[in-house]
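Colleague: mind folding the following:
(chains A and B)
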Protein chains: 2
Amino acid sequence: MEISELGEFGLINRLTGNLEYRNASTLKGVGDDCAVITPEANMQTVVTTDLLMEGVHFDLTYMPLKHLGYKAVMVNLSDIYAMNATPRQITVSIALGKRFQVEDIEELYSGMRLACEEHSVDIVGGDTTSSMTGLAISITAIGVTSKEDITYRSGAKETDLVCVSGNLGAAYMGLKLLEREKAVYSQQVREAEEKAKTNGTSAKEAIDAIPQPDFAGREYLLERQMKPEARRDIIQKLKEAGIKPTSMMDISDGLSSELLHICSESKCGCRIYEERIPIDYQTAVTAEEFNLNVSTCALNGGEDYELLFTVPLTANDVISEIDDIKIIGYITQESLGKALITRDGQEFELKAQGWNPLKG
Amino acid sequence: MEISELGEFGLINRLTGNLEYRNASTLKGVGDDCAVITPEANMQTVVTTDLLMEGVHFDLTYMPLKHLGYKAVMVNLSDIYAMNATPRQITVSIALGKRFQVEDIEELYSGMRLACEEHSVDIVGGDTTSSMTGLAISITAIGVTSKEDITYRSGAKETDLVCVSGNLGAAYMGLKLLEREKAVYSQQVREAEEKAKTNGTSAKEAIDAIPQPDFAGREYLLERQMKPEARRDIIQKLKEAGIKPTSMMDISDGLSSELLHICSESKCGCRIYEERIPIDYQTAVTAEEFNLNVSTCALNGGEDYELLFTVPLTANDVISEIDDIKIIGYITQESLGKALITRDGQEFELKAQGWNPLKG
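Modeller: The predicted structure is shown next:
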């Protein structure tokens, strides 16, 4: 169905008509000039926003719309958890090129709803408009946390342990795989078209006959790229263990870049150890296949959405017992700089070569 | 300066480095995973968001970047006031095509800052990224109001008076003027180029010699289109007069469309009088020049950002004394429909032909 048949209000009704609100703090959702939220007793509000542009942040040739919707929400929830907070509401703005049908947007929205459902978040408002070109998605997420729990980037202290959740570099290797297959497929399409032209046969049939890419054994990397999960579980585990991180942020632009942010905001240095950076087996194998240094991928590859945080040295024993958290180094005085110690004991200055969407 | 020279973080620092925070509730602004806001005692939070796309919502051939920044903020503040609330914070996300320089974005930001300054609003976060094509601006505004003051679209009751602030249709006529001059200018450029080609002279000189359009006497209409003002003054005047509207919204898509929203949310009908719709003299003159029915422009032209609200009949005397507010009709039972009474006493059903960005 064409979107213009429904109009803006018709489309909004269709997308948000049967939204349920899961949070008592959501007083009014979609349908007025503003959403209305009741503050929770003794809680502070945290707010984050992201703008995702087609061709820069996502490529619809391999990113299904449902996954894109899911991911667009997750990257915002990840920022909320990185404050040691709990997400409650999001607003969703979408700008659509003419090539999109109502069904496409429902697909995108279904991924957003799924992400919201999993994290008990309400969609309380937004904006739906047209775009002269590609798809643009802007999400703002709102969460709550107590004054005691809130965790900034600025609280790391000398001797604190530097920790990361999960493993790093996998989302980047997933992207590399998808990009390679896209290039291969484009080449095959060109060849099929030429061949069909020479033989006077149907180009469409020849293109349809191109085999699907085989990602067997690499599913994990694709999932890390296409369906990232915000690490609420880590926040919960830390709380259960009675540990409050001294500083925290999520890893969206690469470990190096994020750790430098923590050091700069906390006015400290750090020493991290290459051999301690958690890397999945598939990431390592695929990096080798691409002739890439796997540590570089883990340090500078973006979109892992893991948590980077520091805890007091005294938490060492407790943190070592928690599944899926790895201690990769420690915080030093600022004057000692930011150092990466390689496997062979060499010391390098940590540099941000992170994924920069402005250079894209 | 090229934006890539600064990178994302350099650009953000440059734009937000010396931001001051005016509100006590702004605990942490730009510089962490989230902004942090302390709820105010007994206040509720209202949230609104807008996504503006180049070529759909604005045309940079006649819209200076500073005005665009100012307007992008104002349209969001207007939604906050329409809840009878006070804006406190905004987040700003921008996606930039390669043709933009650092100075352009500073210009855009300077307009945003000016709007924030005038309304004591803090810029607390955002996202800056690149775009494959045009400029995209997404703003989320957060405000506060008490449970008693908050005004929805749904509270209008039979016999309530329907009121509007300011005058209507002016922003639309401003847009018409700008579009006409753009078309004239394009034609003059084509002619100058052809003439220069024929004569073997410089096309650039011929184009530079094209006179600037003369908008003398029409400045008000251009200002309504390019520099709209959110009507905080009306909210304040109503409060001072001890009047709480029973329903309210801002007029962004045209009076008809908005009034139908209020009727549908409030489950009521209405009767409004064509002769009572406030129209500026310049709007009327310009509509005639364009061979347009001025009432149609006032009913369906978008972007006025005036307030539409209903008050109890008992407020009649008080509201009539307030400057810049006009009573245009009253609320009826739902079964009586939504009627426009024309100057010659005919009755028409009110229809939304409002400005629909999805049909654009």
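Colleague: got the end-to-end distance for stretch A:226-236?
Modeller: 24 Å (CA to CA, to the nearest Å).
Colleague: that one near chain B anywhere?
Modeller: No - between stretch A:226-236 and chain B, judged by CB under 8 Å from any CB of the partner chain, nothing touches; the nearest distance is 11.3 Å. Where you see a C-beta, it was placed from the backbone N, CA and C, and this is true even at glycine.
Colleague: and that stretch, how far out from the chain's middle?
Modeller: 9 Å (CA atoms, centre = their mean, to the nearest Å).
Colleague: what lies in contact with it?
Modeller: A:63-64, A:67, A:70-71, A:74-75, A:77-78, A:80-81, A:84, A:119, A:165-166, A:171, A:174, A:250, A:303-307, A:324-325 (CB atoms under 8 Å, 6 or more residues apart in numbering or on different chains).
Colleague: try it again with 7 Å
Modeller: Stretch A:226-236 is touched from outside by A:63, A:67, A:70-71, A:74, A:77-78, A:81, A:84, A:119, A:165, A:171, A:174, A:303, A:305-307, A:325, with contacts defined as CB atoms under 7 Å, 6 or more residues apart in numbering or on different chains.
Colleague: report the mean confidence score over it.
Modeller: Average pLDDT, stretch A:226-236: 97.
Colleague: other SSEs contacting the strand or helix carrying A:Asn76?
Modeller: Assigned by DSSP states H and E, A:Asn76 falls within helix A:65-81. With contacts defined as 3 or more CB pairs under 7 Å, 6 or more residues apart in numbering or on different chains; DSSP states H and E, helix A:65-81 has these neighbours: strand A:43-53, strand A:86-96, helix A:102-118, strand A:136-146.
Colleague: which neighbouring elements make contact with the second one?
Modeller: In this structure, strand A:86-96 packs against strand A:35-37, helix A:65-81, helix A:102-118, strand A:122-130, strand A:136-146, strand B:43-53, strand B:136-146, with contacts taken as 3+ CB pairs under 7 Å, 6+ apart.
Colleague: wait, which of those is closest to A:Cys270?
Modeller: Closest approach to A:Cys270 among the helices and strands packed on strand A:86-96 is made by helix A:65-81 (21.8 Å; CB to CB).
Colleague: how far out from the middle of the chain is that closest one?
Modeller: 6 Å.
Colleague: show me what counts as buried in it.
Modeller: For helix A:65-81, a neighbour-count test (16 or more other CB atoms under 10 Å in any protein chain shown) marks A:65-81 as buried.
Colleague: just the helices from chain A, written as ranges.
Modeller: For chain A, applying DSSP state H gives helices covering A:3-16, A:65-81, A:102-118, A:170-199, A:203-208, A:219-226, A:232-240, A:255-266, A:281-289, A:294-300, A:316-321.
Colleague: ranking those by burial, who's on top?
Modeller: helix A:65-81 (a mean of 25; mean count of other CB atoms under 10 Å in any protein chain shown).
Colleague: what about dumping the CA coordinates of it to PDB?
Modeller: C-alpha atoms of helix A:65-81 as PDB (Å, rounded to 0.1, in the frame of the first residue of the first chain):
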ATOM      1  CA  LEU A  65      14.000  -3.500   7.900                       C
ATOM      2  CA  LYS A  66      12.900  -5.500  11.000                       C
ATOM      3  CA  HIS A  67      16.500  -5.900  12.100                       C
ATOM      4  CA  LEU A  68      17.100  -2.200  11.400                       C
ATOM      5  CA  GLY A  69      14.200  -1.200  13.700                       C
ATOM      6  CA  TYR A  70      15.400  -3.500  16.400                       C
ATOM      7  CA  LYS A  71      19.000  -2.200  16.200                       C
ATOM      8  CA  ALA A  72      18.000   1.500  16.100                       C
ATOM      9  CA  VAL A  73      16.200   1.000  19.400                       C
ATOM     10  CA  MET A  74      19.000  -1.100  20.900                       C
ATOM     11  CA  VAL A  75      21.700   1.400  20.300                       C
ATOM     12  CA  ASN A  76      19.800   4.000  22.300                       C
ATOM     13  CA  LEU A  77      18.900   1.600  25.100                       C
ATOM     14  CA  SER A  78      22.600   0.700  25.300                       C
ATOM     15  CA  ASP A  79      23.300   4.400  26.100                       C
ATOM     16  CA  ILE A  80      20.700   4.300  28.900                       C
ATOM     17  CA  TYR A  81      22.200   1.200  30.500                       C
END
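Colleague: count the neighbours of the residue in the stretch 201-350 of chain A that chain B sits nearest to for me.
Modeller: In the stretch 201-350 of chain A, the residue found nearest to chain B is A:Met249; the distance is 5.3 Å by CB to the nearest CB. A total of 24 residues lie near A:Met249 under the criterion other CB atoms under 10 Å in any protein chain shown.
Colleague: need the helices and strands packed on strand A:86-96 in TSV with distance to A:Leu260 and mean pLDDT, can you?
Modeller: Formatted as TSV, these follow (distance: least, CB to CB, whole Å; pLDDT from 0 to 100):
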stretch	distance to A:Leu260	mean pLDDT
strand A:35-37	34	96
helix A:65-81	18	98
helix A:102-118	29	95
strand A:122-130	34	91
strand A:136-146	24	97
strand B:43-53	31	96
strand B:136-146	27	97
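Colleague: for chain B, what are the nearby residues on the stretch 201-350 of chain A?
Modeller: Neighbours of chain B within the stretch 201-350 of chain A, by CB under 7 Å from any CB of the partner chain: A:Met249, A:Asp250.
Colleague: redo that, cut-off 6 Å
Modeller: A:Met249 (CB under 6 Å from any CB of the partner chain).
Colleague: domain ranges for chain A?
Modeller: Per automatic domain parsing, the domain ranges recorded for chain A read A:3-146, A:161-171+A:222-349, A:175-221.
Colleague: who touches stretch A:135-152?
Modeller: Stretch A:135-152 is contacted from outside by A:40, A:42-44, A:46-54, A:72, A:76, A:80, A:83-95, A:245, A:248, B:32, B:49, B:51, B:93, B:136, B:138, B:140, using CB atoms under 6 Å, 6 or more residues apart in numbering or on different chains.
Colleague: whoops, I mixed them up, stretch A:242-253
Modeller: Taking CB under 6 Å, 6+ apart as the rule, stretch A:242-253 contacts A:78-79, A:82, A:151, A:153, A:155-157, A:160, A:258, A:262, A:266, A:302, A:304-311, A:315, A:354-355, B:33.
Colleague: now do 7 Å
Modeller: In this structure, residues lying in contact with stretch A:242-253 by CB under 7 Å, 6+ apart are A:75, A:78-79, A:82, A:84, A:149, A:151-157, A:160, A:168, A:238, A:258, A:261-262, A:266, A:302-312, A:315, A:318-319, A:354-355, B:33.
Colleague: mind checking which of these land in strands?
Modeller: Using DSSP state E, the subset of these located in strands is A:Glu306, A:Leu307, A:Leu308, A:Phe309, A:Thr310, A:Val311.
Colleague: against A:Thr310, how distant is the residue of the stretch 201-350 of chain A closest to chain B?
Modeller: Using CB to CB, to the nearest Å, A:Met249 is found at 10 Å from A:Thr310.
Colleague: so what's in contact with those two at the same time?
Modeller: With contacts defined as CB under 7 Å, 6+ apart, the residues shared by A:Met249 and A:Thr310 are A:Ile262.
Colleague: who's A:Ile90 bridged to?
Modeller: Assessed by DSSP bridges, A:Ile90 has beta-bridge partners A:Ile123, A:Ala141.
Colleague: pull the number of nearby residues for it.
Modeller: A count of nearby residues for A:Ile90, using other CB under 10 Å, gives 30.
Colleague: same check on A:Glu2?
Modeller: The number of residues packed near A:Glu2 is 10, by other CB under 10 Å.
Colleague: and the closest residue to it other than its chain neighbours, how far from A:Thr133?
Modeller: Sequence neighbours aside, A:Gln101 is the residue nearest to A:Glu2 in space, at 6.6 Å (criterion: CB to CB, 6 or more residues apart in numbering or on different chains). Distance of A:Gln101 to A:Thr133, computed by CB to CB: 17 Å.
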